[in-house]
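Asker: Next one to model:
(one chain, ligands or ions: 2)
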Amino acid sequence: MKYLRWMLLAVLLFLAACESEQRAGKQICDQTLSLRKDCVFKQAQPLPMALYSQKSPGESTKLNRAYATAPPLIPHSIEGVEVNASMNGCLLCHSGEMPDVPAIPASHRQIAVIGISQAQKPLVTQVKGFKAAPSGVDQGRYVCLTCHVPQAGNLKPLVANQF
Ligand code: HEC
Ligand code: HEC
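Answerer: Residues are numbered from 1 along each chain as shown. Ligands and ions are numbered 1, 2, ... in the order given. Reported below is the predicted structural model:
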């Protein structure tokens with residue numbers, strides 16, 4: 001019985017030693033803990049307010065796309081432009097009726113025709129083709145800002161990247 005007690009104590013001491021060693025090895029310095037690169041006890045400096053383009057539509061120039069077929073960034077100010085259930089301020093200009101305004105592309109006017117392939121088991125849903133959206137614009141794209149966003153000119157990326 002005595003022998004067993006000593007064995008147990010030895011095992012416990014060994015485990016405690018392993019853990020403290022592990023902790024020392026894994027120590028993370030607070031300066032590398034986050035993108036902030038500063039002591040966690042210091043109050044964080046807030047980033048400056050994002051400044052978006054103040055140029056009115058018609059005065060701005062298109063921005064380069066991040067990659068081919070990327071949704072283009074909005075180069076102009078969108079302050080006061082409303083998008084709600086009864087009106088879409090973006091479409092007032094971008095529906096294709098106004099000259100000198102880039103029109104929404106064909107993809108924005110179509111909806112997918114979904115079919116179920118009976119031949120395969122389990123059944124698979126497939127896009128069989130496309131047809132014109134009944135309301136003129138694919139409702140999945142009605143809220144333009146889901147994909148098209150303005151670009152803040154005054155902020156630098158926290159981490160270097162390709163975009
Ligand atoms: C008053 C008309 C007008 C309104 C409203 C408007 N735009 Fe524009 N938009 C333009 C014009 C004109 C351009 C071309 C750039 C220029 O001349 O300033 C443009 C350019 C763009 C581009 C760049 C296209 C490309 O190929 O690079 C995007 C994206 C865009 N607008 C999205 C929007 C979204 C989203 C809204 C609503 C939040 C909106 N626009 C509201 C007129 C307008
Ligand atoms: C689901 C994402 C999505 C939504 C929502 C969306 N778009 Fe787009 N849009 C795109 C993509 C992706 C492209 C680029 C397509 C390409 O070049 O093949 C694009 C392209 C455009 C272009 C450039 C056309 C050109 O010829 O250069 C305009 C303008 C535009 N969209 C306006 C709008 C407007 C206005 C709305 C809202 C009614 C809208 N988009 C909603 C994804 C979206």
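
Asker: how deep is Ala50 tucked in, by neighbour count?
Answerer: Per other C-beta atoms under 10 Å, the neighbour tally for Ala50 reads 11. (Each C-beta comes from the backbone N, C-alpha and C, glycine too.)

Asker: Contact partners for it?
Answerer: Ala152, Asn154, Leu155 (C-beta atoms under 8 Å, 6 or more residues apart in numbering).

Asker: Can you tell me which of these lies closest to ligand 1?
Answerer: Of all those, ligand 1 sits closest to Ala152, with 15.4 Å by C-beta to the nearest ligand atom.

Asker: What are the phi and psi values at the closest one?
Answerer: Main-chain torsions, Ala152, degrees, to the nearest 10: phi -80, psi 120.

Asker: I'd like the distance between the nearest residue to it once chain neighbours are set aside and ligand 2.
Answerer: In this structure, Ala152 finds its nearest non-sequential neighbour in Ala50, 3.7 Å apart by C-beta to C-beta, 6 or more residues apart in numbering. Distance, Ala50 to ligand 2, by C-beta to the nearest ligand atom, to the nearest Å: 21 Å.

Asker: Ala50: what secondary structure?
Answerer: Look at Ala50: counting by DSSP: H, G, I helix; E, B strand; the rest coil, its state is coil.

Asker: follow-up on the earlier one: so which of the contacts of Ala50 wins on neighbours?
Answerer: Of the contacts of Ala50, with other C-beta under 10 Å as the count, Ala152 tops at 14 neighbours.

Asker: from what I can see that residue touches Leu51, true?
Answerer: Yes. In terms of C-beta atoms under 8 Å, Ala152 counts as a neighbour of Leu51; the distance is 6.0 Å.
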